[in-house]
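> Structural data only, the sequence is not supplied:
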């Protein structure tokens, strides 16, 4: 573990971990997240950031000088389906665009509790369908997401397959939340180790998103879905996460169904450590491996 990661752990334990057992008011939490926008560094020089109408859905498009015109990543942000927006990923999306040589489309999918399940899945499918309507070939698209967005990326694959739509060439799920019923052993065994997510906070998010829906519905919790016939999937998860077993069990189920999958369990990393790439060498290394996977699956000819 790098010195930067050790320092980050101390900071997270002091400023984040101690507040995770408290369920705040939604507006209070959203206000905190809005204030964080002032501290997000600008993207690298040469990055092009624009807003687009993706079939009636507002989305952020990010491209770097390395982004190819014919290659696209549909990125689904995290936030427990309740908070965050593409703008919170201003120091991250350009990194994904650069390592994948792709243009990023990050939709403002509708959030709960105002728009509960399955609104987020509907919007993810709408954004993907918009890319297809623009003439983008499925073989030139990858879907990537983190945390709730990682689970949403996997759920979107299930929905696309079930609806008979052409599937993307690949997908990557970073610290994915695949089981909103929260039955994995790591929810309990890693409760003290995970510095950015707690069982209490995850359950709070789930209640607002599900709004009474079955937590085992496959479009809410892809762990419970049929996982055959999916494109290659790359999963990263931290060893200290409460969602570690969400990722491991999902990989096992994909493998058993014959869907190609790779999983990396990164020692002593917390939930979605990739987002801290500016200060964590472990985050930058993880992003590099995501890029290598996408490059391999999509190919430079796309």
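Yep, it's here. Predicted model only: the values in this text are computed from it and were never measured.

> Contact partners for the residue nearest the centre of the chain?
Nearest to the geometric centre of the chain sits residue 146, at 1.7 Å (CA atoms, centre = their mean). In this structure, residue 146 makes contact with 76, 77, 78, 173, 174, 175, 176, 272, 274, 275, judged by CB atoms under 8 Å, 6 or more residues apart in numbering. The C-beta positions use only the backbone N, C-alpha and C, and glycine is treated the same way.

> give me the number of residues near residue 138?
By other CB atoms under 10 Å, the residues close to residue 138 number 15.

> quick one, what contacts it?
Residues counted as contacts of residue 138 (CB under 8 Å, 6+ apart) are 132, 166, 167, 168, 169.

> Strands of the stretch 201-302 of the chain, residue ranges please.
If you assign secondary structure with DSSP state E, counting those that start in this stretch, the strands in the stretch 201-302 of the chain sit at 233-238, 261-266.

> Highest mean neighbour count out of these?
Between those, strand 233-238 has the highest mean count of neighbours, a mean of 26, where neighbours are mean count of other CB atoms under 10 Å.

> Which strands and helices lie in contact with it?
With contacts defined as 3 or more CB pairs under 8 Å, 6 or more residues apart in numbering; DSSP states H and E, the packing partners of strand 233-238 are helix 148-162, strand 170-174, helix 244-256, strand 261-266, helix 281-298.

> Using a markdown table, please lay out these together with distance to residue 102.
Listed next are those as a markdown table, based on distance: least, CB to CB, whole Å:
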| stretch | distance to residue 102 |
| --- | --- |
| helix 148-162 | 15 |
| strand 170-174 | 11 |
| helix 244-256 | 23 |
| strand 261-266 | 19 |
| helix 281-298 | 7 |
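
> Which of the ones you listed sits closest to residue 218?
Nearest of the helices and strands packed on strand 233-238 to residue 218, taken as CB to CB: helix 148-162 at 5.6 Å.

> so how far is that closest one from its chain's centroid?
11 Å (CA atoms, centre = their mean, to the nearest Å).
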